[in-house]
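A.B. asks: Sequence and predicted structure below; questions after.
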Amino acid sequence: MRIPSTMKWALVVGLVALAAGTAAAQPGGGGGNNGSNNGQVPFQKKTTLSPEEQLAEGNKHIARMEGAGAGVRKMLAEARKQRDVVKTLCINDKVSQVDVAIRSGKERQSQLGDAVKRKDVDLSSHHYTIITVLRQRTEQLVAEANQCIGEESAFVGDTKTTVQIDPQIPPDEAPYPVPPTDPIVVIGPPQCTSCTQ
């Protein structure tokens, strides 16, 4: 059973939001663990960027996502121009998913800006993390769109084959099998017992 890619995308975003929300809701734990984590593995590494730096990086991520979206739309236009239905359907699906990621990223960037204005470090880190995940998802979708195009886009130009024979290898003297040059003629009485009576 295959899960449609839009459902996969919604599931990934939901899981990231759930996990990030759960991690943010847990107490900060200043009381008595003395740097030990009591056997707990932290969910994610804290970002070392300040909220203002996260906002600036988030803008760069959104710009990269938009550039990637433009590239995938260009692939779609080329597939439509070639009237290739399979490529068009495949790339169109990727364009739709990239557009959803860009819209979600822009919403998160706006929320990140609000969190930075309120000086809410945890919330700004949360929104920045989701923007980073959306950027990574967009890059994955671009790679998938490139796979939609197929092998002919991997090779540009005509293919030329060059054969070099090592002069140190001796030529074949006799091909397999060697046919006899003279036929063998047997003259004499037949060799079967029924023939002699």
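C.D. replies: All right, it came through fine. Numbers count the residues shown, from 1 in each chain.
A.B. asks: secondary structure class for Leu49?
C.D. replies: The assignment at Leu49 comes out as coil when based on DSSP: H, G, I helix; E, B strand; the rest coil.
A.B. asks: residues in contact with Leu112?
C.D. replies: Gln54, Leu55, Gly58, Ser124, His127, Tyr128, Ile131 (C-beta atoms under 8 Å, 6 or more residues apart in numbering). The C-beta positions use only the backbone N, C-alpha and C, and glycine is treated the same way.
A.B. asks: what number of residues lie near the second one?
C.D. replies: Read it as Leu55. 20 (other C-beta atoms under 10 Å).
A.B. asks: Hmm, Gln111 and it touching each other?
C.D. replies: No. When contacts are counted by C-beta atoms under 8 Å, Leu55 is not listed as touching Gln111 (10.9 Å).
A.B. asks: what does stretch 84-91 contact?
C.D. replies: Contacts of stretch 84-91 (C-beta under 8 Å, 6+ apart): Val72, Met75, Leu76, Ala79, Arg80, Ala145, Cys148, Ile149, Gly150.
A.B. asks: From the residues you listed, list just the buried residues.
C.D. replies: Burial by neighbour count, 16 or more other C-beta atoms under 10 Å: within those this picks out Val72, Met75, Leu76, Ala79, Ala145, Cys148, Ile149.
A.B. asks: Counting only helices, which of those residues make the cut?
C.D. replies: Secondary structure from DSSP state H places Val72, Met75, Leu76, Ala79, Ala145, Cys148, Ile149 of the buried ones among the contacts of stretch 84-91 in helices.
A.B. asks: okay, those residues in TSV with distance to Lys117 and pLDDT next?
C.D. replies: As requested, these are arranged in TSV below (distance: C-beta to C-beta, whole Å; pLDDT from 0 to 100):
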residue	distance to Lys117	pLDDT
Val72	33	93
Met75	38	91
Leu76	38	92
Ala79	43	90
Ala145	36	91
Cys148	41	87
Ile149	43	77
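A.B. asks: quick one: which of those is nearest to Asp99?
C.D. replies: Set against Asp99, the nearest of these by C-beta to C-beta is Val72 (9.2 Å).
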